[in-house]
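>>> structure of the sequence below:
(2 chains)
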Amino acid sequence: MFNYTFQWNQALARLPQMLDGALVTMQIAILSMAIGVLLAILLTGCRLSGIRVLQGFAVTWVEIARNTPALFQIYMAHFGVASFGIHFSPFTSLLIGITFNNAGYLAENFRGALKAISDTQSRAGRSLGMTPVQAFRYIVLPQMLRIAYLPMTNQMVWAILMTSLGVTVGMNSDLYGVTQDLNALTFRTFELFAIAAVIFYVITKVIGLGARLLATRLFRY
Amino acid sequence: MFDTALSAHDLLFLAKGAGVTLLVTAISVAFGTILGILCGVFRFQVGPYWASPVTFILDIFRSIPLLIQLVLANAFLGMVLKLRMSGFTIACGVLTLYTAAYCAEIVRGSIGSVPGTTRRAGRSLGMTWFQDMRYIVLPLATRVALPSWIGLALGVMKDSALVYVVQVTELLKSTQILITRLQEPLFLLMICGAFYFLISFPIARFGGYLEKRWSND
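Residues are numbered from 1 along each chain as shown, chains lettered A, B, ... in the order given. Okay, the predicted model is just below:
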């Protein structure tokens, strides 16, 4: 039917290398997500703080992260900051780029979640003698994270998909980078990238499933 | 104080790249939305069981990095089927399917948000299925879908930055070409980022405004 011989054996022989790459991909995604959540909480705190400068900072961060391509942000973290004489490794640049993006989107999700938590709750906390930070930490934050759980799992999937952009700044140890290097060696473009696609698909499905299992465990009450 | 080697000619080059970005986005969002509406209505109409093949295929486009989708499509069409297609066509095709995958989800969700009783009331007044869809579901579902659809269209514009892998010189790629030549990464990236931002930000704001306005009544 096709005038093309598929050579899956050649590509499958490289599977262990690709799986190693998948581990790096997971590592970047998880790191960027963990730091991203922390930063997003900070940004949300900045927005709630009522201090103009902090609010402006948070809004600028969120709007830039949401309104420019992720690839642009990674470029900025690699080539942009190089103008200041700061040179990051591809791994760091990729991590910074994705984390910046994650934090922006997550902060927006958190803002949406905050709307669902009534104001009287933190006021009740305040009248019990909590400081504003305590009220945020012990009353608002747990509920906010719970409401924003589903958007957070979506963001995690996005983070996985975004790691493939690292190749543009010279990253060659993540799944996409490894696949591209192997492609340069063997020229089995279709086979190699098809396998990479399957690995990505499996990873995102496993994360989706894992998140759902974790949700039933976490949100029993 | 500030010195740059950027000439008017280079700016024109960037503008061309921006034009390609907008063109790819417009084509893929237009076709993707049509396809997405068809798939979304189909999925809603036949139920989760019979729609599962469509759901599965659309889900693939949402679970694999766009970069890999583009490379795979390029390799499949060029190396396996030996078709001579321009990178632009491939980019538009892949982005159309990508848009359709997300759009189908939005459409399905928004049709589901129309209360069943309202629809049944329409049907019992003697409306056909098509009339019900046209005069009852469409106006109500659009209110739910439009803000997310705006978000999707902007997302596709941002993701269209990846079509450089199939040799389409869009805005970010033309910026990169200029960076290689002029060695002024920060300045050029600023211009490129400002362009994306200036298009995306007002439209995103407008989407947010619509969402706020339509959710209260």
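
>>> tell me which residues touch residue 185, please.
In the absence of a named chain, chain A is used. When the contact criterion is CB atoms under 8 Å, 6 or more residues apart in numbering or on different chains, A:L185 has no partners at all. Heads up, the C-betas are built off the backbone N, CA and C, glycines and all.

>>> ah, I was thinking of chain B
Counting by CB under 8 Å, 6+ apart, B:P185 has contacts A:Y75, A:F79, A:G80, A:A82, A:S83, B:I179.

>>> what's the single longest helix in chain B?
helix B:8-50 (DSSP state H).

>>> so which bits of the following helix or strand past that one are buried?
Scanning forward in sequence from helix B:8-50 by DSSP states H and E, the next helix or strand is helix B:52-63. Applying a neighbour-count criterion of 16 or more other CB atoms under 10 Å in any protein chain shown, one finds B:V54, B:T55, B:L58, B:D59, B:I60, B:F61, B:R62, B:S63 buried in helix B:52-63.

>>> just flag the most distant two among the contacts of B:P185.
A:Y75 and A:S83 (11.9 Å; CB to CB).

>>> these two - which one has more neighbours?
Each of A:Y75 and A:S83 has its neighbours counted (other CB atoms under 10 Å in any protein chain shown); A:Y75 has more, 27 against 13.

>>> pLDDT value on the more buried one, please?
Listed pLDDT for A:Y75 reads 91.

>>> centre-most residue in chain A?
Nearest to the mean C-alpha position of chain A, by CA atoms, centre = their mean, lies A:A159 at 3.2 Å.

>>> buried residues, the helix or strand harbouring that residue. List them.
Assigning secondary structure by DSSP H and E places A:A159 in helix A:149-162. Using 16+ other CB under 10 Å as the test for burial, helix A:149-162 gives A:Y149, A:P151, A:M152, A:T153, A:Q155, A:M156, A:V157, A:W158, A:A159, A:I160, A:L161, A:M162.

>>> follow-up on the earlier one: spatially nearest residue to the residue nearest to the centre of chain A (excluding sequence neighbours)?
Distances taken as CB to CB, 6 or more residues apart in numbering or on different chains put A:A29 closest to A:A159, at 4.2 Å, once the chain neighbours are dropped.

>>> follow-up on the earlier one: now could you export just the CA positions of whichever helix or strand comes after the helix holding A:A159 as PDB?
On the C-terminal side of helix A:149-162, the nearest following helix or strand under DSSP H and E is helix A:175-186. The C-alpha trace of helix A:175-186 is given here as PDB (Å, rounded to 0.1, in the frame of the first residue of the first chain):
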ATOM      1  CA  LEU A 175      11.800  12.900  25.700                       C
ATOM      2  CA  TYR A 176      11.500  15.200  22.700                       C
ATOM      3  CA  GLY A 177      15.200  16.000  22.700                       C
ATOM      4  CA  VAL A 178      16.200  12.400  22.900                       C
ATOM      5  CA  THR A 179      13.900  11.500  20.100                       C
ATOM      6  CA  GLN A 180      15.200  14.300  17.900                       C
ATOM      7  CA  ASP A 181      18.800  13.200  18.600                       C
ATOM      8  CA  LEU A 182      17.900   9.600  17.700                       C
ATOM      9  CA  ASN A 183      16.200  10.800  14.600                       C
ATOM     10  CA  ALA A 184      19.400  12.500  13.500                       C
ATOM     11  CA  LEU A 185      21.200   9.200  14.000                       C
ATOM     12  CA  THR A 186      18.700   6.800  12.300                       C
END
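
>>> what angle sits between helix A:175-186 and helix A:149-162?
20 degrees (axes from the mean of the first three to the mean of the last three CA atoms, to 10 degrees).

>>> which parts of chain A sit against chain B?
A:2-4, A:63-64, A:66-72, A:75-76, A:79-80, A:82-84, A:157, A:161-165, A:167, A:176, A:189-190, A:193-194, A:196-197, A:200-201, A:204-205 (CB under 8 Å from any CB of the partner chain).

>>> shaky segments in chain A?
A:1-2 (pLDDT under 70).

>>> buried ones in the longest helix anywhere in chain A?
Using DSSP H, we find that the single longest helix of chain A is helix A:15-48. Across helix A:15-48, burial judged by 16+ other CB under 10 Å covers A:18, A:21-22, A:24-26, A:28-29, A:32-33, A:35-37, A:39-41, A:43-48.
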